[in-house]
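> one predicted model, sequence on top.
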Amino acid sequence: MAFTLRQASRTDLPGIWSVRYAVTENTLTPGRISDGEVIEAIEQTGRGWVVEQQGGIVAFAIDNAHTGNIWALFVHPNAQGLGHGGRLHDEMLAWLRSVKLPLLWLTTGVTTRACGFYERKGWRKVGEPEGGEFRYEMNLEPEAAER
């Protein structure tokens, strides 16, 4: 099935919210994050990407290029298992490497499938669960990867 992976824009907000509220793990209460916060994240503090398939957004990712936080990476339940999460992850990391961030971090629920996804992608779990979430880190400095 054909898909397009591209940089997100503010016009993608309806599709981003559709995916975000459809997921069954790491759920979010509507209204907890505003449109303005997402726009700031994709236009000012970082960048976002979306995957479009059959005319709609089925996955998205957003990062923060100032703090190294992976703010979001979600795939609609109907589009899981097609590789979209991995594609978004790899595209996001390539861009973050280009802006020379030495350390990336994210949090995810301790009982989610996301834990296995990030561990397979080379993320390192740091510390004990805090508030029901694990913190993962990835060092992008070349010398750290060689150790």
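Noted; the coordinates are in hand.

> neighbours of A65, how many?
Neighbour count of A65, defined by other CB atoms under 10 Å: 17. Quick note: C-beta positions are derived from backbone N, CA and C, even for glycine.

> quick check: closest non-adjacent residue to it.
Excluding its sequence neighbours, the residue lying closest to A65 (CB to CB, 6 or more residues apart in numbering) is G46, at 4.6 Å.

> pLDDT weak spots in the chain?
Within the chain, the stretches with pLDDT under 70 are 142-147.

> show me how far whichever helix in it runs longest is from its chain's centre.
For the chain, the helix that runs over the most residues, judged by DSSP state H, is helix 84-98. Centroid displacement of helix 84-98 relative to its chain, using CA atoms, centre = their mean, to the nearest Å, is 9 Å.

> now do the buried residues in it.
Buried residues in helix 84-98, counting neighbours by 16 or more other CB atoms under 10 Å, are found at 84-85, 87-89, 91-93, 95-96.

> so the residue nearest to A65 touches G68, yeah?
No - applying CB atoms under 8 Å as the test, G46 and G68 come out as separate, 9.5 Å apart.
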